[in-house]
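Peer 1: what would the 3D arrangement of this be:
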Amino acid sequence: MSNSSKETVYKEYKLEGPRRFKRKYEEKHEEVTDTVINTFLKYSGISSDEYAEFEKTYLESVKKVKPKCTEKRVEGFRKATGSNGFVAFYDWYVSQGQACGYCGISQDELYELFSKGKNKKLPLNNAVKRSSGTLEIERRDSENNEYSPKNCILACPLCNNAKSNLIDEDNWVLLFVEPMREYYKKLLGKDLENPNPKD
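Peer 2: All right, here's what the predicted structure looks like:
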């Protein structure tokens, strides 16, 4: 098995959950007496050293993405790619960079605006919804409404909330992205780290 294949198997194991993986393994084998990890290592052909290296490389990233792996998203990515939905979604998510695909504001800049300290700028009241300022997964085409690599984009809370299913992507980019960037610049008191993604 190539190293990239082993990386995929490791991600699948971590994203789907070790116990679910063990149950799948037990369905094909009469008896499993080993620990979950040892069972996985035997089944996958990944050595202890490789496993440790994958933990160092991927574990924190997997922990961050796993809560976003909802059933609908995973199923949509599985159908769209014909591969493991968890891994397809994870690989898509980490490839997006930590910035809004519409206006380009970075996740760090959003955290700065939504922080709970005295510099907090958003939300404008004490509402809980979107109070963490994390990037959201937006479906570009509201009519299509499917979760797939082509139809999904990372969006900041403002772009996602304002565009919603009321403005199509082309008009959002044409008419609203620059004003949104200007608003963020005003709130931050500085230029955004990233250029406009659509330039």
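Peer 1: show me the domain layout of the chain.
Peer 2: Domain ranges of the chain: 3-68, 96-188, per automatic domain parsing.
Peer 1: return the most buried member of those domains.
Peer 2: Mean neighbours per residue, mean count of other C-beta atoms under 10 Å, is largest over the domains of the chain for domain 96-188, with a mean of 16. For every residue, glycine as well, the C-beta is placed using N, CA and C.
Peer 1: distance from that domain to the middle of the chain?
Peer 2: Distance, stretch centre to chain centre, for domain 96-188: 14 Å (C-alpha atoms, centre = their mean, to the nearest Å).
Peer 1: mind checking the end-to-end distance for it?
Peer 2: With C-alpha to C-alpha, to the nearest Å applied, domain 96-188 spans 23 Å between its terminal residues.
Peer 1: and of the domains of the chain, who's closest to Thr81?
Peer 2: Closest of the domains of the chain to Thr81 is domain 96-188, at 7.0 Å (criterion: C-beta to C-beta).
Peer 1: state the distance from the most centrally placed residue in the chain to Ser106.
Peer 2: Centroid-nearest residue in the chain: Tyr93, 3.9 Å away (criterion: C-alpha atoms, centre = their mean). Distance of Tyr93 to Ser106, given as C-beta to C-beta, to the nearest Å: 15 Å.
Peer 1: equivalent analysis for Phe114, please.
Peer 2: 13 Å.
Peer 1: what do you get for Ala88?
Peer 2: 25 Å.
Peer 1: returning to what we had before: just put the domains of the chain in TSV and tack on distance to Thr81 and mean pLDDT.
Peer 2: As requested, the domains of the chain are arranged in TSV below (distance: least, C-beta to C-beta, whole Å; pLDDT from 0 to 100):
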stretch	distance to Thr81	mean pLDDT
domain 3-68	12	86
domain 96-188	7	91
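Peer 1: can I get the ones you listed in a markdown table including distance to Lys79?
Peer 2: What follows is these, written out as a markdown table (distance: least, C-beta to C-beta, whole Å):
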| stretch | distance to Lys79 |
| --- | --- |
| domain 3-68 | 17 |
| domain 96-188 | 8 |
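Peer 1: out of these, nearest to Ser83?
Peer 2: domain 3-68 (8.5 Å).
Peer 1: quick one: end-to-end length of that closest one, please.
Peer 2: OK, domain 3-68 end separation, C-alpha to C-alpha: 26 Å.
Peer 1: next one: stretch 158-176
Peer 2: 11 Å.
Peer 1: mind checking the longest helix of the chain?
Peer 2: helix 48-65 (DSSP state H).
Peer 1: same for that helix, what does it pack against?
Peer 2: helix 3-16, helix 36-44, helix 85-95 (3 or more C-beta pairs under 8 Å, 6 or more residues apart in numbering; DSSP states H and E).
Peer 1: between helix 36-44 and that helix, find me the angle.
Peer 2: Following axes from the mean of the first three to the mean of the last three C-alpha atoms, to 10 degrees, one obtains 110 degrees for the angle between helix 48-65 and helix 36-44.
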